[in-house]
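Undergrad: Whatever this is, show me its structure:
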Amino acid sequence: MGIHHNHSHTHTHTDLRGRNLVISILLNLVITVSQVIGGLISGSLSLLSDALHNFSDVLSLIVSYIATLLSQKEASTNKTFGYKRAEIIAAFVNAASLIVVALILIKEAFERFLNPQPIASDLVIWLSFLGIAANGFSVLLLKRDADSNMNMKSAYLHLLTDMMASVAVLIGGILMKFYQVYWIDAFLTFAIALYLIYMGYDLLKDATRVLMLFTPNTIQVRNIVDTISQIDIDSIKNVHHVHIWQLNEAEVHLEAHIDFKSDIRLSEFEAILDQIEDIMYHKYGINHVNIQPEYGKCDSKHVIVQD
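TA: Presented below is the predicted three-dimensional model:
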């Protein structure tokens, strides 16, 4: 079964993703510089922590942008898959950086909580408005691709959490201005850090699953074996040596050995293979199938075999 893709549309959409990432990078650079200056002047830890997170956003967005460019490169004889996993690596790096930044913020929040300091809340409030506006716009730019692309989701999460952090900083600034509750600065920093860990962990886990060639959560190997076995019960004796992995968001691969009851003709195998490819694609979303036919071969007939 041939699976056709509209490459012109794919490249156009990838170019649009790249443009949105560039816009988000520039906006976050403006926010970062503004918040660093404002945090130093006001003495606000939550504003400086938000600036640190924004700077990590800039780095993560640059990583995502480079990965998006690499993913468009063609395959070659020494890179037969091209750079299709570049975006997964970017997602892993960005998710890990979310957690690292969160741990740094927790340390800083604890130190400031023990020693709260007066803060120029007016500056904190105005700069938090800037962060909400710029990050909110960036979130809208990336939201479309966040559900279907792990790399874009990692960039989206960085920006979404930063927008929420700016909201928290705004609330803290208002409380400090009107009620002089300065410990709220450290408390909100701690809350932001916990949220970063919560958001980053799931993405880190998903990216790790892909990089480690684990079977996608939506697919059960036993169901695959049973489905293939039922396609032609008169011919198929055994399905074994099964490997299922996800190359990236767009590609899921299956390879397996099929032991046939008789020495069938190649044309008969091709007919069975067409059925397998069709069912695997429409029922399980597997779009790359590699089947090794066997007859009377003495090898392990276990479903899973350690290579």
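Undergrad: Backbone dihedrals for N238, both of them.
TA: With angles defined as degrees, to the nearest 10, N238 sits at phi -160, psi 140.
Undergrad: Please name the residues that touch it.
TA: By Cβ atoms under 8 Å, 6 or more residues apart in numbering, the contact set of N238 is S229, I258, D259, K301. Quick note: C-beta positions are derived from backbone N, CA and C, even for glycine.
Undergrad: Wait, a strand at the third one?
TA: Read it as D259. Yes: counting by DSSP: H, G, I helix; E, B strand; the rest coil, D259 falls inside a strand.
Undergrad: Distance of the residue nearest to it when sequence neighbours are not counted relative to I244?
TA: Leaving aside its sequence neighbours, D259 sits nearest to N238 (Cβ to Cβ, 6 or more residues apart in numbering; 4.0 Å). N238 sits 17 Å away from I244, going by Cβ to Cβ, to the nearest Å.
Undergrad: neighbour-wise, which of the contacts of N238 leads?
TA: Ranked by the number of neighbours (other Cβ atoms under 10 Å), those place I258 first, at 24 neighbours.
Undergrad: so it bridges to which residues?
TA: Counting by DSSP bridges, I258 forms beta bridges with V239, P293.
Undergrad: isn't V167 right up against S128?
TA: Yes: V167 is within contact range of S128, at 7.5 Å (criterion: Cβ atoms under 8 Å).
Undergrad: And these two? Which one has more around it.
TA: Neighbours were counted for V167 and for S128 using other Cβ under 10 Å; S128 has more, 26 against 18.
Undergrad: thinking A102 is in contact with Y201, fair?
TA: No: the criterion here is Cβ under 8 Å, and A102 misses it with Y201 at 9.9 Å.
Undergrad: the more surrounded of these two?
TA: A count of neighbours by other Cβ under 10 Å puts A102 above the other of A102 and Y201, at 25 against 14.
Undergrad: I'd guess H243 is in a strand, am I close?
TA: Yes: with three-state DSSP as the criterion, H243 is assigned to a strand.
Undergrad: Do you have the helices of the stretch 51-200 of the chain handy? List them.
TA: Along the stretch 51-200 of the chain, counting by DSSP state H, counting those that start in this stretch, helices occupy 86-114, 121-146, 150-179, 183-211.
Undergrad: buried ones in the last one?
TA: Residues of helix 183-211 classed as buried: 184-193, 195-197, 199-200, 203-204, 206-207, 209-210 (neighbour count, 16 or more other Cβ atoms under 10 Å).
Undergrad: same check, this time on stretch 132-149
TA: I132, A134, N135, G136, S138, V139, L141, L142, D145, A146, N149.
Undergrad: what residues does that stretch touch?
TA: Contacting residues not belonging to stretch 132-149 are listed as 17, 20-21, 23-24, 27-28, 30-31, 87, 152-153, 155-157, 159-160, 162-163, 166-167, 170, 249 [Cβ under 8 Å, 6+ apart].
Undergrad: Could you turn the buried ones of those into a ChimeraX selection?
TA: In ChimeraX, a selection of the buried entries from the contacts of stretch 132-149 looks like this (16+ other Cβ under 10 Å):
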select :17,20,21,24,27,28,31,87,152,153,155,156,157,159,160,162,163,166,167,170,249
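Undergrad: Helix 183-211 and the longest helix anywhere in the chain, what's the angle between them?
TA: What stands out as the longest helix in the chain, according to DSSP state H, is helix 7-42. Put simply, helix 7-42 runs at 150 degrees to helix 183-211, going by axes from the mean of the first three to the mean of the last three Cα atoms, to 10 degrees.
Undergrad: Check the offset of helix 7-42 from the chain's centre.
TA: 18 Å (Cα atoms, centre = their mean, to the nearest Å).
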